[in-house]
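Novice: missing the sequence, but the structure's below:
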């Protein structure tokens, strides 16, 4: 069946540090891949997406590349800010069904 | 373009009662999904409606039900509330076709006393 495994949190980084949140998936067919972000007290917001192998999604300095050979979609940012503190979810979509990772909490300290 | 709107934002109920939550999707979106989010279980899929029909369903008991109207607005109902139903309930809408992302509302925070 389909599933998403993402890095356990919580993750604490200093401002301007490099961020990687690992995500791997299992899926039948060719899923679309997404990263969502949830700020405190809010719903989930789409951060970026990739719909086919080798696509790179990017937004707000975050990037993730669809790696079909390793079934991965790791999220990266070169220099995090305090405002990036949130929970990040890796998500796959196959046949209109969405599968969510457990979420990784990120705290960025000044 | 207005986003996904969920009402109410907060709700307090007691055990045994029933509750109805509402979700208005983004204009033009035909798919509406519901999720339950708790600290212990994370984000769990309840069900998805597309063009007034339930298209996908998660593993929740029959106390959890939903429906979708012809204007794509959706409601979720929980009957015989239990303490464990306390959670943030999130609604998400999408065009409902492959590769299209979901757009989430801010959720309804349900507390059971």
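Specialist: Now that the structure is in, tell me what you want to look at. The shown structure was predicted, so the numbers you read here are calculated from the model rather than taken from an experiment.

Novice: residues in chain B within reach of chain A, list them.
Specialist: Counting by C-beta under 8 Å from any C-beta of the partner chain, the residues of chain B lying close to chain A are B:4, B:6, B:31, B:33, B:42-43, B:45, B:48, B:50, B:55-56, B:90, B:92, B:96-99, B:101-107. Heads up, the C-betas are built off the backbone N, CA and C, glycines and all.

Novice: Tell me which of these fall in strands.
Specialist: Using DSSP state E, the members of the residues of chain B next to chain A that fall within strands are B:6, B:31, B:33, B:42-43, B:45, B:48, B:50, B:55-56, B:90, B:92, B:103-104.

Novice: Please name whichever of those residues scores lowest on pLDDT.
Specialist: Lowest in pLDDT among those is residue B:42, which has 85.

Novice: what about the closest residue to it other than its chain neighbours, which SS state?
Specialist: Nearest residue to residue B:42 in three dimensions, chain neighbours excluded: residue A:102, at 4.8 Å (C-beta to C-beta, 6 or more residues apart in numbering or on different chains). On the three-state scheme (DSSP: H, G, I helix; E, B strand; the rest coil), residue A:102 is labelled coil.

Novice: Provide the backbone phi and psi angles at residue A:102.
Specialist: Backbone torsions for residue A:102, taken as degrees, to the nearest 10, come to phi -80, psi -10.

Novice: For it, which residues are in contact?
Specialist: Applying C-beta atoms under 8 Å, 6 or more residues apart in numbering or on different chains to residue A:102 gives the contacts A:6, A:8, B:42.

Novice: what does residue B:87 give?
Specialist: The contact partners of residue B:87, taken as C-beta under 8 Å, 6+ apart, are B:36-38, B:110.

Novice: Do any residues in the least confident helix or strand in chain A by mean pLDDT lie close to chain B?
Specialist: Lowest by mean pLDDT, DSSP states H and E among the helices and strands of chain A is strand A:97-100, with a mean of 88. Yes: against chain B, strand A:97-100 shows contacts by C-beta under 8 Å from any C-beta at A:97-98, A:100.

Novice: about what we covered before: closest one to residue B:77 out of the ones in strands among the residues of chain B next to chain A, please.
Specialist: Distances from residue B:77 to those, taken as C-beta to C-beta, are shortest for residue B:6 (14.3 Å).

Novice: count of neighbours near that closest one?
Specialist: Residues near residue B:6, counting by other C-beta atoms under 10 Å in any protein chain shown, number 22.

Novice: Residues in a beta bridge with it, which ones?
Specialist: With beta bridges defined as DSSP bridges, residue B:6 has these partners: residue B:23.

Novice: surely it meets residue B:110?
Specialist: No: using C-beta atoms under 8 Å, residue B:6 is not in contact with residue B:110; the gap is 11.2 Å.

Novice: what's the overlap in contacts for these two?
Specialist: Contact criterion C-beta under 8 Å, 6+ apart; residues shared by residue B:6 and residue B:110: B:21, B:89.

Novice: pLDDT below threshold where in chain A?
Specialist: Under the criterion of pLDDT under 70, none of chain A is flagged as low confidence.
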